[in-house]
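> need coordinates for the below:
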Amino acid sequence: MRRAPGSIVALTAAAPHVSEDPPGRTRSMTRSSDPERGLHAGTEDDNRLDRIAVWQDLILATHLLETALERQAQRDGGLTHGHFKLLVLLSAAANQTLALKSLADTLRFSQSRISHALTTLEAQGLVTRRPTTGGRRASEATLTPDGRLLVVRVLRAQRREIRDPIFDGLGALGTFALGDITGRLITLLDDDQDTSAKD
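Numbering: from 1, shown residues only. Prediction:
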């Protein structure tokens, strides 16, 4: 699916670059015919059309993926995708238990957001919460048997309806390339988060 006027690409801050056509002609968005143009042009490099196009595609792709995951989690699990991420993290942890601070750090959630989410999940019988051992003023969450069953059910549907169709459409080489790119993105964004936390 390509970009369309009025779509989620409006969330990007980059302004489209337009050509100056003669009077009476429609101004149109054009790509540079010289792929090297702007490589050594300082701040002009920020507005290269190839970068703008890729950035808009990335924003749209992540939005569409998150929308599909949100819809599927609500349909098959009766909860938001944000809450489902908490359950998945717990299901993969030792004893299916994690400290609230660990959950917040991994998901980049505030402590209050984690606490509110766990209150909702507790009411649904999907997690339990208790103080950590050792006398510290901290809490940990544990996935319940009902929570484990829900994670298995939602992940099975997610694989069938979203994950496998994407990977099948990309093919082996495309899937490998996607893994390489997403790995680099995670590293870059994690580094950015760590730097912001230190400032």
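
> can you give me the helices in this protein?
Using DSSP state H, the helices of the chain run over 49-77, 81-92, 100-107, 111-123, 145-158, 164-198.

> ok, which of those comes nearest residue 138?
Among the helices of the chain, the nearest to residue 138 by CB to CB is helix 100-107 (6.6 Å). (Glycine included, C-beta is placed from N, CA and C.)

> and the closest one, what's buried?
Across helix 100-107, burial judged by 16 or more other CB atoms under 10 Å covers 100, 102, 103, 104.

> other SSEs contacting that helix?
Judged by 3 or more CB pairs under 8 Å, 6 or more residues apart in numbering; DSSP states H and E, helix 100-107 is in contact with helix 81-92, helix 111-123, strand 139-143.

> let me have those in JSON lines, adding mean neighbour count and distance to residue 67 as columns.
Formatted as JSON lines, the helices and strands packed on helix 100-107 follow (neighbours: other CB atoms under 10 Å; distance: least, CB to CB, whole Å):
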{"stretch": "helix 81-92", "mean neighbour count": "19", "distance to residue 67": "9"}
{"stretch": "helix 111-123", "mean neighbour count": "15", "distance to residue 67": "20"}
{"stretch": "strand 139-143", "mean neighbour count": "21", "distance to residue 67": "26"}
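
> mind checking which of those is nearest residue 56?
Nearest to residue 56 among the helices and strands packed on helix 100-107 is helix 81-92 (23.0 Å), distances taken as CB to CB.

> picking that back up, and which of the buried residues of helix 100-107 is nearest residue 143?
Closest to residue 143 out of the buried residues of helix 100-107 is residue 103 (11.6 Å), distances taken as CB to CB.
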